[in-house]
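Asker: sequence unknown, structure follows:
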């Protein structure tokens, strides 16, 4: 039991360290200077790649100049209304979460302050880690502007980070997705996962009774994890 508790603490600590989807493009020494909390970074240029930390992930956008940012963000409201004024209002967390669930998003332009949502802004951190040279600043901004409007959304395969990397480097990628799968692989490879899932399976059998559904899952899931590890 102590081993299982240690295992759970380790995995939750890992998720907290990454904030579930926090990208670690750079170490602490190479980070760009951080803006004052909630304030704009100095000397922003059109085409800069911006990122802001959120509660469970990092959000990305492309600076267009004139205090405007283009970013891909989930939003449920366009499903229910065509009122541009209403849809154009600041996207709340509820609208964002429901947009993720419904897989509905838009590439939209917001002010720098609305994009930051009270967080500090980091600029062009990916340039130090991505091998591909970025396009010229104006090209990056124009690529973002061409994609404005409704957009299919996937938390893992087509998120805000895919959008900005496509605009700036020509190839969509997401370090946050890569880290999520690395974390998932580490959990699967840990043999304590087999013990933990087996224990849950036997508890479900004891609670729900011996039935094909509970018995098959109790055997199949731990066996699959054991083989994968």
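Answerer: Looks like it arrived, so ask away. These numbers come from a predicted model, not from an experiment.

Asker: report the secondary structure state of residue 109.
Answerer: Assigned with DSSP: H, G, I helix; E, B strand; the rest coil, residue 109 falls in the strand class.

Asker: hmm, residue 68 and it touching each other?
Answerer: Yes. Between residue 109 and residue 68 there is a contact at 5.2 Å, judged by C-beta atoms under 8 Å. Just so you know, the C-beta spots here come from the backbone N, C-alpha and C atoms, and that holds for glycine as well.

Asker: leaving out sequence neighbours, find the closest residue to residue 90.
Answerer: Nearest residue to residue 90, sequence neighbours excluded (C-beta to C-beta, 6 or more residues apart in numbering): residue 114, at 5.0 Å.

Asker: then residue 152?
Answerer: residue 158 is the one closest to residue 152 (C-beta to C-beta, 6+ apart), at 6.1 Å.

Asker: how many neighbours does the one you found have?
Answerer: 19 (other C-beta atoms under 10 Å).

Asker: show the contacting residues for it.
Answerer: Shown in contact with residue 158 (C-beta atoms under 8 Å, 6 or more residues apart in numbering): 151-152, 172.

Asker: from those, which is closest to residue 123?
Answerer: residue 172 (20.3 Å; C-beta to C-beta).

Asker: so that closest one sits right up against residue 164, yeah?
Answerer: No. With contacts counted by C-beta under 8 Å, residue 172 stays clear of residue 164, the gap being 9.0 Å.

Asker: okay, and residue 180 sits in which element?
Answerer: Secondary-structure assignment from DSSP states H and E places residue 180 in helix 175-189.

Asker: and that helix, what's its mean pLDDT?
Answerer: In this model, helix 175-189 carries a mean pLDDT of 73.

Asker: next, the distance between the ends of stretch 149-160.
Answerer: In stretch 149-160, first residue to last residue: 14 Å (C-alpha to C-alpha, to the nearest Å).
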